[in-house]
Every structure is written in C-alpha cells, then in structure tokens.
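>>> structure here, sequence nowhere to be found:
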C-alpha cells in the first residue's frame, strides 16, 4: 500500500491524560515520520471528511468515532480475545490485542514478524508495545555507563502493587533515594507526581542510578511485555526486570531475576560491568525490532 492510499486518524486520549495516550503518541510519531497524512482527535464529535482513513483507537475512547464504510479501524481491546462472533458484523474492524501468553491462540495464527501475529478468521492482531523513540533518535542517544556515585533511582510511571513497593525499599536499603516520577493518574498540579513529557522522561531516566521495570503477579504469570522495558533500553540504560517469561524476547539484552533482592544485586553487577558496546547492542535490538515503525508495518501488512 502506498502512502497516498490512506489518511490516518488517531482517535482518543489526548497526550498525558491516560496511559494509553502514550501508545497513541507512539503511533502518531511513527506515522508522521513515515510521511503519512495523520491527524489526532479527542473522542468528540468532529465535522470532518473521514472517507478512506485508517483509524487507530482504543475501546474505551471510541464513543463518538465516525463509522465509515471506506475506512479501516484498528481498535485496541474491541474484544477480549479471539472471539469470532464479536467482529462478524464489522467487516472493516480489526481487534488489536497486546501480547501475553494467556489468550486462547488459534492453530492457524500467522506470524507477521517475530513480534506480531494475525488470525484472519477472527481478524485479531496481536502486537507488543515499543519505544516512543524513532530509530534515528536511538542512534543519537549515547549509552549511559554505570556511575556508582549517583544517589537517586528514578522510576518513570505509575507504581502499582507490592513488588514495585518492595523493590523501592530495597533501593533505599542500599542507600539510594527512590523517586516515582510521573504516572498516568498523576496531576500536573503536583510537582512530585505529574505527567512527564518525552524529554523529561528520557533525561530523568538517564540520571537514574538504575533502570528497571517491576511486574506484579498477573503479568509474571501471563508473560506481558511492558512498554517501560522497551523505552528504558532505547534511552541508553542497561535495564532489569523481575519477569522471567520475557527473557525469551530479550535474551542477553536484559537482567532478569524474579527474586527482587537478587535482581537488585544482579542488576548492579551487570550494569557495572557493561561496556558502551554492550549497551549499544541492546539499544540496536530495540531500534531494529521494537519501535512504532515496526508496529505500523505490522498493521499495514494485514490490509
């Protein structure tokens, strides 16, 4: 499909108003970089010509979305899984799912690439998240080497659950000041917990003593792959996780241990021995496989 064949519409959450707004931002930024005509609308009634468009939206922010026969719709979580009947009356709608292991995957699932899959019978597409950086931005990002003198551990995002809180205490027990910066439920009125724009997020993470993502039991069980891991690695930081199941996707590009105390020690040991080349190799893995350019190409391949 040529770029002139369709216009793209991101429909839904304004940036910094919801966790999914960052997904919309990733798609919007990638589509712009590819030279597509792309617009971003809130979920309000809009007097526009939406013929022959490709919409990307999310199930909870599509109340006022215009339904046009000539257009295509990629809707996150339109259905909870591979339910065939859910889309039977929606010929131009694709159900967009985020990867985890607990879907009832059909036998004829097609691989679009190593990190996205499609079932033509139910029109379900399974993708992963990715970094919000473009490949050239990753190339221009210098790897951050270990610095023992750093005192602050900065986590960008919303802390949820006992494991994340426990890891924050482990950081404090090692004499590091733990800060939770940002989060989709935050408020710009509170300087200690607000939405961080891209530049703030990158800079705060790169100033951190350690980089990590901590998952709770549901995600540890189902193998969900969080966007924070993609982002942190692409920002130039060696990164750790307590989610054993995601190792099959990251291999040696990530420190993984499901014991939180051991994870802290392993992460310090791995990071302190990291060369610039090793961190750059991990950044290149994200650049080549996990930007929203990759995700856009996966979606377009099914049309």
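Everything's here; your move. This structure is a prediction, so every number in the text was calculated from the model and none was measured.
>>> show me where the stretch 101-250 of the chain has strands.
110-113, 116-119, 124-127, 152-156, 177-181, 211-213, 239-241 (DSSP state E, counting those that start in this stretch).
>>> the fifth one packs against which elements?
Put plainly, it is strand 177-181. With contacts taken as 3 or more C-beta pairs under 8 Å, 6 or more residues apart in numbering; DSSP states H and E, strand 177-181 sits against strand 152-156, helix 162-173, helix 198-206. The C-beta positions use only the backbone N, C-alpha and C, and glycine is treated the same way.
>>> just the angle between the longest one and strand 177-181, please?
Going by axes from the mean of the first three to the mean of the last three C-alpha atoms, to 10 degrees, helix 162-173 is angled at 140 degrees with respect to strand 177-181.
>>> would you mind getting the angle between helix 162-173 and strand 152-156?
Using the same axes, to 10 degrees: helix 162-173 against strand 152-156 is 160 degrees.
>>> for helix 162-173, what is the average pLDDT?
When pLDDT is averaged along helix 162-173, the result is 96.
>>> in it, what's buried?
Within helix 162-173, the residues that count as buried by 16 or more other C-beta atoms under 10 Å are 163, 164, 167, 168, 170, 171.
>>> same list, those residues, but as TSV with distance to residue 39 please.
Below are the buried residues of helix 162-173 laid out as TSV (distance: C-beta to C-beta, whole Å):
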residue	distance to residue 39
163	40
164	36
167	40
168	40
170	45
171	42
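>>> and of those, the nearest to residue 249?
Within those, proximity to residue 249 (C-beta to C-beta) peaks at residue 163, which comes in at 20.1 Å.
>>> residue 15: which of the buried residues of helix 162-173 is nearest?
For the buried residues of helix 162-173, the nearest to residue 15 is residue 164 (24.2 Å; C-beta to C-beta).
>>> tally up the residues packed near the closest residue to that closest one other than its chain neighbours, please.
Residue nearest to residue 164 in three dimensions, not counting chain neighbours: residue 214, with 4.4 Å by C-beta to C-beta, 6 or more residues apart in numbering. Per other C-beta atoms under 10 Å, the neighbour tally for residue 214 reads 25.
>>> for the residue nearest to residue 291 when sequence neighbours are not counted, give me its contacts.
Closest residue in space to residue 291, ignoring its immediate chain neighbours: residue 130 at 5.3 Å, by C-beta to C-beta, 6+ apart. By C-beta atoms under 8 Å, 6 or more residues apart in numbering, the residues touching residue 130 are 26, 227, 230, 286, 290, 291, 292, 294, 295.
>>> Serialize those residues to JSON lines and add fields for secondary structure and distance to residue 33.
Formatted as JSON lines, the contacts of residue 130 follow (DSSP: H, G, I helix; E, B strand; the rest coil; distance: C-beta to C-beta, whole Å):
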{"residue": "26", "secondary structure": "helix", "distance to residue 33": "11"}
{"residue": "227", "secondary structure": "helix", "distance to residue 33": "18"}
{"residue": "230", "secondary structure": "helix", "distance to residue 33": "17"}
{"residue": "286", "secondary structure": "helix", "distance to residue 33": "16"}
{"residue": "290", "secondary structure": "coil", "distance to residue 33": "15"}
{"residue": "291", "secondary structure": "strand", "distance to residue 33": "9"}
{"residue": "292", "secondary structure": "helix", "distance to residue 33": "9"}
{"residue": "294", "secondary structure": "helix", "distance to residue 33": "12"}
{"residue": "295", "secondary structure": "helix", "distance to residue 33": "13"}
